[in-house]
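Peer 1: here's my sequence, what's the structure:
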Amino acid sequence: MADPTLTTVFLDRDGVLNVKPPEGEYVESWDDFEWLPGAVDAVARLRGAGLRAVVVTNQRGVALGRMSAASVEDIHARMISEGLDVDRIYYCPHESGECDCRKPLPGMLERAAREVPGVSLGRAAAVVGDSESDMEAGRAVGAVLVKVGDAASPVDFACGSLAEAVDWLLAR
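Peer 2: Got it, this is the predicted structure:
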């Protein structure tokens, strides 16, 4: 049974739900998208435990002209059509310094808390991500921090996959 105070899990996309492309490359279309093993099932387990799930992802490739906002939205629609059960998907299409939504800033998390019924911040939320910017965004709102991969800064839990993160969150 999940910690009764935990209501919301924020998930990064690239490197948590799908295979992250090499540095400087982007998931520009559905053809470039590849689920990480067990990711859809892991999110289903969160939802089955009554938790909110929200994807928050930086998509700088839009600002760089590598892909369009329509391409990103198509990828997200296909993720859902393939069974990803989430309350909402937010993405930041901006370059660094142009907005308050690009992680490490917490704008997407704060927007979800305003717009999605039942989404909470603080220790009622967890952020699962594979980058330090994910952890910084979570830290800014006081969330439980779960790092997929090696942690460069203090986190609540570091693990090798979303499935391990969900195991830990649901066992708390």
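Peer 1: quick one: pLDDT of residue 159?
Peer 2: Residue 159 is assigned 98 on the pLDDT scale.
Peer 1: remind me which residues of this protein are low pLDDT?
Peer 2: 1-2 (pLDDT under 70).
Peer 1: do that again at 50, thanks
Peer 2: 1 (pLDDT under 50).
Peer 1: ok, longest strand in it?
Peer 2: strand 52-58 (DSSP state E).
Peer 1: can you give me how far that one is from the chain middle?
Peer 2: Put simply, strand 52-58 sits 4 Å off its chain's centre (C-alpha atoms, centre = their mean, to the nearest Å).
Peer 1: same question for stretch 5-12.
Peer 2: Relative to the centre of its chain, stretch 5-12 is centred 9 Å away, using C-alpha atoms, centre = their mean.
Peer 1: show me which residues of it are buried.
Peer 2: For stretch 5-12, a neighbour-count test (16 or more other C-beta atoms under 10 Å) marks 6, 7, 8, 9, 10, 11, 12 as buried. Every C-beta, even on glycine, is put in place using the N, C-alpha and C of the backbone.
Peer 1: on that earlier part again, pull the CA atoms of the longest strand of the chain into PDB?
Peer 2: Provided in PDB are the C-alpha atoms of strand 52-58 (Å, rounded to 0.1, in the frame of the first residue of the first chain):
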ATOM      1  CA  ARG A  52      -2.300  10.700  -9.900                       C
ATOM      2  CA  ALA A  53       0.400  10.500 -12.700                       C
ATOM      3  CA  VAL A  54       1.600  13.500 -14.700                       C
ATOM      4  CA  VAL A  55       4.300  13.500 -17.300                       C
ATOM      5  CA  VAL A  56       6.500  16.600 -17.300                       C
ATOM      6  CA  THR A  57       9.100  16.800 -20.000                       C
ATOM      7  CA  ASN A  58      11.500  19.300 -21.500                       C
END
